[in-house]
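predicted model and sequence follow; I will ask about them next.
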2 protein chains.
Amino acid sequence: MTAHKPGDSLQAEMWAIGAAARQAARAMRETSAEQKTKALMTAAAAIRARKEAILAANKADIDAAKAAGMPAPMIDRLMLNEARIEAMAAGVETVAALPDPVGRELARWSRPNGLDIARVATPIGVIGIIYESRPNVTVDAGALTVKSGNAAILRGGSDSIRSAGAIHAAMAEGLKSAGLPETAVQYVKTPDRAAVGMMLEGLDGNIDLIIPRGGKGLTSRVMREARVPVLAHLEGICHVYIHEAADLAKARAIALNAKMRRTSICGAAETLLIDRKVLSSHGLPILADLAAAGCEIRGDDAVRSVFPPAKPVSEEDWRTEYLDAIIAVRSVDGLNEAIGHIETYGSHHTDAIVTEDAAAAESFMTSVDSAIVLWNASTQFADGGEFGMGAEIGIGTGKMHARGPVGAEQLTTFKYVVRGTGQTRP
Amino acid sequence: MTAHKPGDSLQAEMWAIGAAARQAARAMRETSAEQKTKALMTAAAAIRARKEAILAANKADIDAAKAAGMPAPMIDRLMLNEARIEAMAAGVETVAALPDPVGRELARWSRPNGLDIARVATPIGVIGIIYESRPNVTVDAGALTVKSGNAAILRGGSDSIRSAGAIHAAMAEGLKSAGLPETAVQYVKTPDRAAVGMMLEGLDGNIDLIIPRGGKGLTSRVMREARVPVLAHLEGICHVYIHEAADLAKARAIALNAKMRRTSICGAAETLLIDRKVLSSHGLPILADLAAAGCEIRGDDAVRSVFPPAKPVSEEDWRTEYLDAIIAVRSVDGLNEAIGHIETYGSHHTDAIVTEDAAAAESFMTSVDSAIVLWNASTQFADGGEFGMGAEIGIGTGKMHARGPVGAEQLTTFKYVVRGTGQTRP
């Protein structure tokens, strides 16, 4: 416990939020599955009931943002309408309907001395979520932390502060109705950016985990400055490898979908690796498909010789997450070279192989050290909803704790519960 | 990739160790269970075969340490003899015989679109282990990292450098015999302490996890300075709570064992909480047992009124890990006050309740936020061997990744392996 300077009112305010969250976390971990479900169902209803107030708050945010000259794509992310509000409410109901992740017995065994040892899923504690001006994150993050029995401290972008506040009021109503502390989900209202720095330092030991939700600038700041564990990914340089035994139709469909379905998401492919043996037979139609869909092709010499419209690719391209209609294409001599490329340039996010050769696929999936490896499927499946998790709060690429989509189950940790009959250790 | 300064030879040397470990980690994750077992069985045989060389190296370390005035307890930790060498070899065989933790399917499900999703255990990558002058840690840590398919960078205390080197040679022989890279287990030979700082910074991204193994000074430095994840516990302020429904015989046996079996280990009890209702009936004989065994009792007023020889206890005592024959004793009004005390003063390591009331026990074990919670058993069971893990590299009290005893299974992470038939995302 470090004393804060008298008069440092922001720190006092933030530490009070941390202390309240810690206290709420204890109530949350003692809460039944039914109470959490009730809180979320009531919150969903409250989002619908408060629709007018949320839209009014959002209009005030939008007006202020427009007056401040915010660019149109950011205005679009900030904007709510009836359909988006309905989607938020439905999302909370989806999370409410998930199986309760707390209390699951992950393992259980007995020892020769009769001790009964169980590894049981428990909430993590207090989770800080730092995001940009997307009001829906307030709902997604709040719902997942409640479902997983944690307490949340939410800090959204200051441009969305009125919208987030109105949405947060609906979450608080849900918590209250279920007899849970409203402080289980707190929203940091101050526009002072120093509040983020204080959260990254852990609010005097009262934050157990930080999850950033936003662009690379936000995430890299959080990873650099946080003094508590962070679940995140910095970038998604995802690869699709067309193996020599790839089925042509699957290869065309997967490459096109992986790159072009949505170019701006982290699971979008950025690099295509094509086995030299199928560079003409498969590479040419794949690249023609991509170009026809409006994708810029950047290739090595071999690629350009079969597909002359391709621009030359540079070393820098292999390390670039375009998040745009651009793809870097490299010809490789077999599986090992493909794996080596991914090892050197990849970001341990999501990588796919297209092949009919099961042994090659298994070898690829064993060797590629990424959170998600796919065989004959698009990298765009890298998503908690597509995995059946109901919702996700992000995707992790670190090695520790949780990797891949982070849903309610991934927001738990565990403890060992040991039941004895008086055993002492010899 | 940060360039290092020309002429900075230690950094060049350490970064080369990191790069070699990263390369070895790829070979290790592609290795079969059989190869890893063979490497460990051969290493165990090599430890026995090299007994004379290990003893000679150890004698040189001991002579140098004595000349430098090392205190006797530290000399004892450093010293090897035939029995300790045999125990090291047998320990490696125990780890070799454990089930392979890599490749386990932790979960598997299918999606409506036919995607087959598996969560599969994989090695973490490169693990740095920083420890004091205990030669046996070289063996324990090396064996567990090999078993779990990781690469290890070991840095032991500089006083044990000759002993550790001789032991490491046996590990290298085992790896070589199984066709695995000897660089899968590297030992940092330089006595320069700056090498530790470089490891804590991650050796240019080539260390995924740091495990400190040693006293509080070492662990707190590692936790403070590490730029990569750390698995550790800083202290073990373990509690035994004697509930009003405790069986007297169990309570006496557990309290005595938890405190006095070995006072210097992290699972030793430091604080005893006794329900006021049983302070005379149970507290008195328990405290008498402890005092008779040579334990100093420090108690609150109520405790001192039933057991006058107790010294007064201070607020500081509740926060102290004595690791000695001293116990702090508090009288509490029921379960909730006991849980509150542990929440305020505990270290999230190991805490026990003694009671015949199953509901009270379950409530205690749900509410106490520690890595290990026990019902009617001694806190001294907080140990990987006692849990049946075969061996442990330490005990974690963080919330992320692994808590409690850290064995081979806890040195793995996971990936999602997704098998498709050409699916693209709508």
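Received it, and whenever you're ready, just let me know what you need.

switch to C-alpha atoms for all contacts and neighbour counts from now on
Will do.

all strands for the stretch 201-350 of chain A, in order.
For the stretch 201-350 of chain A, the strands defined by DSSP state E, counting those that start in this stretch cover A:209-213, A:238-242, A:269-275, A:296-299, A:311-312, A:326-332, A:350-354.

nearest to B:Gly156, out of those strands?
Closest approach to B:Gly156 among these is made by strand A:209-213 (30.9 Å; Cα to Cα).

could you check how far A:Val185 is from chain B?
20 Å (Cα to the nearest Cα, to the nearest Å).

try A:Ser110
Taking Cα to the nearest Cα as the measure, A:Ser110 and chain B are separated by 9 Å.

hang on, the earlier thing: any chance of the strands of the stretch 201-350 of chain A in TSV, plus mean pLDDT and mean neighbour count?
TSV is the format used below for these (pLDDT from 0 to 100; neighbours: other Cα atoms under 10 Å in any protein chain shown):
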stretch	mean pLDDT	mean neighbour count
strand A:209-213	89	25
strand A:238-242	97	32
strand A:269-275	97	29
strand A:296-299	97	23
strand A:311-312	97	16
strand A:326-332	98	25
strand A:350-354	93	31
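
pipe these into JSON lines and attach distance to B:Met389 per row.
Below are the strands of the stretch 201-350 of chain A laid out as JSON lines (distance: least, Cα to Cα, whole Å):
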{"stretch": "strand A:209-213", "distance to B:Met389": "28"}
{"stretch": "strand A:238-242", "distance to B:Met389": "37"}
{"stretch": "strand A:269-275", "distance to B:Met389": "41"}
{"stretch": "strand A:296-299", "distance to B:Met389": "51"}
{"stretch": "strand A:311-312", "distance to B:Met389": "54"}
{"stretch": "strand A:326-332", "distance to B:Met389": "43"}
{"stretch": "strand A:350-354", "distance to B:Met389": "32"}
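
nearest to A:Arg224, out of these?
That would be strand A:209-213 among those, by Cα to Cα, at 11.8 Å.

now do that closest one: which elements does it pack against?
Contact analysis of strand A:209-213 by 3 or more Cα pairs under 8 Å, 6 or more residues apart in numbering or on different chains; DSSP states H and E lists strand A:126-131, helix A:216-225 as its packing neighbours.

figure out which of these is closest to chain B.
helix A:216-225 (9.0 Å; Cα to the nearest Cα).

how about the closest one, does it reach chain B?
No. Helix A:216-225 does not reach chain B (Cα under 8 Å from any Cα of the partner chain); its nearest approach is 9.0 Å.

who's in contact with that helix?
Identification of contacts with helix A:216-225 by Cα atoms under 8 Å, 6 or more residues apart in numbering or on different chains yields A:131, A:197, A:200-201, A:212-213, A:230, A:232-235.

residue numbers of the stretch 51-200 of chain A in contact with chain B?
A:111, A:115, A:117, A:124.

let's see it at 7 Å
Proximity of the stretch 51-200 of chain A to chain B, by Cα under 7 Å from any Cα of the partner chain, involves residues A:Ile124.

how about the strands of the stretch 51-200 of chain A, start to end?
Using DSSP E, counting those that start in this stretch, strands in the stretch 51-200 of chain A cover A:105-110, A:116-123, A:126-131, A:151-155, A:185-187.

any idea how far A:Ser220 is from A:Asp324?
Note on A:Asp324: its distance to A:Ser220, by Cα to Cα, to the nearest Å, is 20 Å.

of all the contacts of helix A:216-225, which two lie farthest apart?
A:Glu201 and A:Glu235 (23.3 Å).

so how far is the lengthiest helix in chain A from its chain's centroid?
Identified as the longest helix of chain A according to DSSP state H is helix A:9-29. Centroid separation for helix A:9-29 versus its chain: 24 Å, with Cα atoms, centre = their mean, to the nearest Å.

beta-bridge partners for A:Ile353, please?
Following DSSP bridges, A:Ile353 is listed with bridge partners A:Tyr241, A:Trp375.

so it is in contact with A:Tyr241, correct?
Yes. Between A:Ile353 and A:Tyr241 there is a contact at 4.7 Å, judged by Cα atoms under 7 Å.

strand partners (parallel or antiparallel) of the helix or strand of chain A with the lowest mean pLDDT?
Lowest by mean pLDDT, DSSP states H and E among the helices and strands of chain A is strand A:404-405, with a mean of 70. Here strand A:404-405 has these sheet partners by DSSP bridges: strand A:395-396 (antiparallel).

chain center to the strand it pairs with: distance?
For strand A:395-396, the distance to the chain centre is 5 Å (Cα atoms, centre = their mean).

what sits against the residue in the stretch 51-200 of chain A that chain B sits nearest to?
For the stretch 51-200 of chain A, the residue closest to chain B is A:Ile124, as judged by Cα to the nearest Cα, at 6.0 Å. A:Ile124 is in contact with A:150, A:208, A:411-413, B:399, counting by Cα atoms under 7 Å, 6 or more residues apart in numbering or on different chains.

cutoff 10 Å now
A:25, A:29, A:145, A:148-151, A:207-209, A:410-414, B:369, B:398-400 (Cα atoms under 10 Å, 6 or more residues apart in numbering or on different chains).

now it: how far from B:Asn150?
Taking Cα to Cα, one finds A:Ile124 at 27 Å from B:Asn150.

please apply the same query to A:Asn58.
Counting by Cα to Cα - A:Asn58 and B:Asn150 are separated by 50 Å.
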